[in-house]
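J.: A predicted structure for the sequence below; I have some questions about it.
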Amino acid sequence: MVEFPPLGPVMPEILMTGFALLILVLDLVIKRKETLAFLSVAAAAVVMYAVLGTSGVTFSGMFAADGYSMFFKLIFLLSLILSILISVKYIAIERVNYGEYYSLMLFSTLGMMIMASAGDLIVLYLGIELMALSTYVLAGFIRHAVKSNEAAVKYFLLGAFASALLLYGISLLYGLTGTTDIKGVAAYISDNGLAGNPALMLSVILFVVAFGFKIAAAPFHMWAPDVYEGAPTSITAFMSVGPKAAGFAAMGRVFLIAFASLQVQWAAILIPLAIVTMAVGNIIAISQTNIKRMLAYSSIAHAGYALMGVIAGTPEGLAGMMSYLLIYAFMNIGAFAIIIMLRSEGFSGENISDYEGLSKKHPVSAALMLIFMFSLTGIPPTAGFIGKFYVFMAAVNAGYTWLVVVAVIFSAISAFFYMRIVMYMYMKEPRREVELTTSPALGLALAISALGVLVIGVFPGRLLDLARIAITLGWGL
Amino acid sequence: MLPELFFYYNATVITVLSALVVTRSNPVHSIMLMLVMFFHIAALYLFLNAEFLAAIQIIVYAGAILVLFLFVVLLLNLKKELVTQIFIVRWPLGLVAMAGLLVLMFAGIKSFTLGPTGDFTIEKIAGETHTAAIGTVLFTEYIVPFEVASLVLLIAIIGAIVLAKKQIKT
């Protein structure tokens, strides 16, 4: 008789599954979908509470609830709550006010949580599939809009290719080391001096490509602008933060544990990738006229900055990457919340020119957008500056000063397109009347994001301490 | 000699058939070719002493899923696939990238060394039968992936219903 492993460490995931299923069923009896949104936020809050009190490894190392995964789960749940809050009114305007929407968001977050905790490559892969499959459906949720359908199909096809490449990488690794356990792989590689093996390098390359797709790093970013533009805006906000952070979580674990002895080799692949990502994201963003597309390229560029934390390959770099992703959740969802406010019946509000003269009629919204744009550029005293500062510091300390110089140049270029929005809002005359769609939930999301950006910007010490503690707590498990 | 011959026969046929499946313009032909391909994959499973997987491959894939595919194609009454302009303008670039990847893969695979093999030798599987072995492993050691996979399937069902069944309100 086999003894059943303890379920304590997987409790948050079990709770999340239960809640997601419950909301799916409640959808049948609850006619007011706002109630479902409220229940989903409550569920996310309960799971967040459960995450904070959970630690340990179970299922013979397949699932690890360590400090590292805990920090990432907080990012996922935070982005889930903020995305649900900005969705409530928006999906009613888009006429897709269905309960499955919230259930799928919970399932997608569950997939991310499994990815962050995976101690085994099979669990990692299934977590990715669970997250991605839910997100494909959500991207195509506005069924009557051709662009939304296009987004879903493109995302699905490229995601499937990425999954195939990842599986090929995993199978090679399994053949070489005889195990799919992330720690077991690391041990076998270092014990048997496999580090220089070209077949192992091939596996590393396939992992880089697959994760590159997930985090939208150039040259694997092609899907991002079309998908981000076509998907419902609330889902764009959700998937530009959650799945990206989950991709980084998985990347950090695989590269820094399983491929720890190949750090020189994978850093050599990731450095050009990060530079190209920052270049493509920041330069192409300049020529965009649709704000969702612009933020898609901006999101590509931010993946490049966060990659530098992985490249540094030190606990400090990982802590920088983790706090960067948390800050990015606040500022990016905040910016998308403003975009959603501009969407009203018969008006998309997605053109950058729609922001002309916004400060005249709606000074508060314009001021909030100003804060988020400053933060995305990385101007103090906003959180965006702090995030970049820590990642860049970690890269300098790891000896990549020249890479930091390149990154700083690109982030100076990024000021051009972020500040253009600010300029449009404050220095131009309104060309047309723009009515804002507001709701209490949206207001709450904006308040949380703005507070997050400003508080972390002014008192940054706590956040980095938290990330560092998370790393030291968790890395050994 | 014979095992190698059997493997290379199956590998070649599977590769050629897969290429044919995606290039035929008549969807019914594609499905029929896929059926033949599934039988060859089942043969490979048998070759690996995995008779349970071979049976499942025939029953589930060839028996159930392909019939479903055929249903869809016949219901849609697709005689020919839609012909449109090629919309990927930079296909030579893709070809170069693909050739590069292929070269990279051959270069990498050449130095492949087999890692340690697990507990399940042919004799052990023959002793406790493949079905029992796979069941025991699936429900003990791999219970987490098994449960997550069930959620993935659930999402596929929800997704299909959401995307196909919901009435469009305009």
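T.: Received, thanks.
J.: what about A:Ser439, distance to chain B?
T.: For A:Ser439, the distance to chain B (C-beta to the nearest C-beta, to the nearest Å) stands at 20 Å. Yep, even glycine has a C-beta here, placed from its N, CA and C like the rest.
J.: State whether A:Val57 is indeed within a helix.
T.: No - under DSSP: H, G, I helix; E, B strand; the rest coil, A:Val57 falls outside any helix and is assigned strand.
J.: what's it in contact with, if anything?
T.: For A:Val57, the contact set (C-beta atoms under 8 Å, 6 or more residues apart in numbering or on different chains) comprises A:Pro9, A:Phe63, A:Ala64, A:Ala65, A:Asp66, A:Gly119, A:Leu477.
J.: Just grab the bridge partners of it for me.
T.: Going by DSSP bridges, A:Val57 is paired in beta bridges with A:Ala64.
J.: Can you check the pLDDT for it?
T.: Per-residue pLDDT puts A:Val57 at 87.
J.: export the contacts of A:Val57 to a markdown table and tack on pLDDT and distance to B:Val13?
T.: Shown next, in a markdown table, are these (pLDDT from 0 to 100; distance: C-beta to C-beta, whole Å):
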| residue | pLDDT | distance to B:Val13 |
| --- | --- | --- |
| A:Pro9 | 89 | 46 |
| A:Phe63 | 91 | 40 |
| A:Ala64 | 89 | 43 |
| A:Ala65 | 89 | 46 |
| A:Asp66 | 88 | 47 |
| A:Gly119 | 91 | 39 |
| A:Leu477 | 43 | 47 |
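J.: Show me which of those is closest to chain B.
T.: The closest of the contacts of A:Val57 to chain B turns out to be A:Phe63 (C-beta to the nearest C-beta; 5.8 Å).
J.: Could you tell me how far that closest one is located from A:Ile471?
T.: 19 Å (C-beta to C-beta, to the nearest Å).
J.: need the contacts of A:Val57 in CSV with neighbour count, can you?
T.: Below are the contacts of A:Val57 laid out as CSV (neighbours: other C-beta atoms under 10 Å in any protein chain shown):
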residue, neighbour count
A:Pro9, 21
A:Phe63, 22
A:Ala64, 24
A:Ala65, 26
A:Asp66, 23
A:Gly119, 26
A:Leu477, 17
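J.: and the stretch 101-250 of chain A, which residues reach chain B?
T.: Residues of the stretch 101-250 of chain A found near chain B (C-beta under 8 Å from any C-beta of the partner chain) are A:103-104, A:107, A:110, A:114, A:120, A:122-123, A:126-127, A:129-130, A:133-134, A:136-137, A:140-141, A:143-144, A:152, A:172, A:174-179, A:188, A:194, A:197-199, A:201-203, A:205.
J.: got the CA coordinates for stretch A:463-473 in CSV?
T.: Extracted C-alpha coordinates of stretch A:463-473, given in CSV (Å, rounded to 0.1, in the frame of the first residue of the first chain):
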residue,chain,number,x,y,z
LEU,A,463,9.4,44.9,-1.7
LEU,A,464,12.9,44.0,-2.6
ASP,A,465,13.4,42.6,0.9
LEU,A,466,10.3,40.5,0.4
ALA,A,467,11.6,39.2,-2.9
ARG,A,468,15.0,38.4,-1.4
ILE,A,469,13.5,36.6,1.5
ALA,A,470,11.3,34.7,-0.9
ILE,A,471,14.4,33.6,-2.8
THR,A,472,16.4,32.6,0.2
LEU,A,473,13.4,30.8,1.8
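J.: Figure out how far that stretch is from the centre of its chain.
T.: Averaging C-alpha positions (C-alpha atoms, centre = their mean, to the nearest Å) puts stretch A:463-473 19 Å from its chain's average.
J.: Could you report the neighbour count for the residue of chain B found nearest chain A?
T.: Nearest residue of chain B to chain A, counting by C-beta to the nearest C-beta: B:Gly108, 3.0 Å away. Using other C-beta atoms under 10 Å in any protein chain shown, B:Gly108 is surrounded by 20 other residues.
J.: Find the helix or strand that it is a member of.
T.: Element membership of B:Gly108, judged by DSSP states H and E, is helix B:91-110.
J.: Show me what counts as buried in that helix.
T.: Residues B:Met105, B:Gly108 are the ones in helix B:91-110 that count as buried (16 or more other C-beta atoms under 10 Å in any protein chain shown).
J.: Now do that helix: which elements does it pack against?
T.: Here helix B:91-110 touches helix A:198-215, going by 3 or more C-beta pairs under 8 Å, 6 or more residues apart in numbering or on different chains; DSSP states H and E.
J.: quick one: average pLDDT of the helix it packs on?
T.: For helix A:198-215, mean pLDDT is 93.
J.: same check, this time on stretch A:135-149
T.: Across stretch A:135-149, the average pLDDT comes to 91.
J.: Also stretch A:12-22?
T.: 95.
J.: contact partners of it?
T.: A:7, A:39-40, A:43, A:46-47, A:50-51, A:54, A:65, A:73, A:103, A:106-107, A:109-110, A:113-114, A:117, B:151.
J.: for A:Ile327, what are its contacts?
T.: Contacts of A:Ile327 by C-beta under 8 Å, 6+ apart are A:Ser375, A:Ala383, A:Gly384, A:Ile386, A:Gly387, A:Gly452, A:Val453, A:Ile456, A:Leu463.
J.: Could I get the phi/psi values of A:Ser117?
T.: Note on A:Ser117: backbone dihedrals following degrees, to the nearest 10 are phi -100, psi -10.
J.: before we move on, what about A:Asn290?
T.: phi -100, psi 130.
J.: And A:Thr472, how far from A:Ala445?
T.: Counting by C-beta to C-beta - A:Thr472 and A:Ala445 are separated by 32 Å.
J.: Please identify which of these two sits among more neighbours.
T.: Legend: neighbour count by other C-beta under 10 Å for A:Thr472 and A:Ala445, higher for A:Ala445 (26 against 13).
J.: Compute the distance between the residue lying closest to the more buried one once chain neighbours are set aside and chain B, please.
T.: Distances taken as C-beta to C-beta, 6 or more residues apart in numbering or on different chains place A:Leu85 nearest to A:Ala445, at 3.7 Å, with adjacent residues excluded. Going from A:Leu85 to chain B by C-beta to the nearest C-beta gives 22 Å.
J.: for A:Glu433, same thing?
T.: Going from A:Glu433 to chain B by C-beta to the nearest C-beta gives 25 Å.
J.: check contacts around that residue.
T.: A:Lys361.
J.: and chain B, which of its residues are near chain A?
T.: Checking chain B against chain A by C-beta under 8 Å from any C-beta, the hits are B:104-105, B:107-118, B:140-145, B:148-149, B:151-152, B:155-156, B:158-159, B:161-163, B:166, B:168-170.
J.: what number of residues lie near A:Val364?
T.: As a burial measure, A:Val364 scores 11 neighbours (other C-beta under 10 Å).
J.: Tell me the pLDDT of it.
T.: On the pLDDT scale, A:Val364 is placed at 92.
J.: And it, which helix or strand is it part of?
T.: Secondary structure (DSSP H and E) places A:Val364 in helix A:363-377.
J.: other SSEs contacting that helix?
T.: Short answer (3+ C-beta pairs under 8 Å, 6+ apart): helix A:363-377 packs on helix A:315-342, helix A:358-361, helix A:383-397, helix A:401-427, helix A:440-458.
J.: worst average pLDDT in those helices?
T.: helix A:358-361 (a mean of 87).
J.: contact partners of that helix?
T.: A:Ser365, A:Ala366, A:Ala367, A:Met369, A:Tyr424, A:Met425, A:Tyr426, A:Glu429, A:Pro430, A:Glu433, A:Val434.
J.: change it to 7 Å
T.: A:Ser365, A:Ala366, A:Met425, A:Tyr426, A:Pro430, A:Val434 (C-beta atoms under 7 Å, 6 or more residues apart in numbering or on different chains).
J.: could I get these as TSV with neighbour count?
T.: Output for the contacts of helix A:358-361, formatted as TSV (neighbours: other C-beta under 10 Å):
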residue	neighbour count
A:Ser365	21
A:Ala366	20
A:Met425	24
A:Tyr426	18
A:Pro430	16
A:Val434	20
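J.: For chain B, state which of those is nearest.
T.: A:Val434 (24.4 Å).
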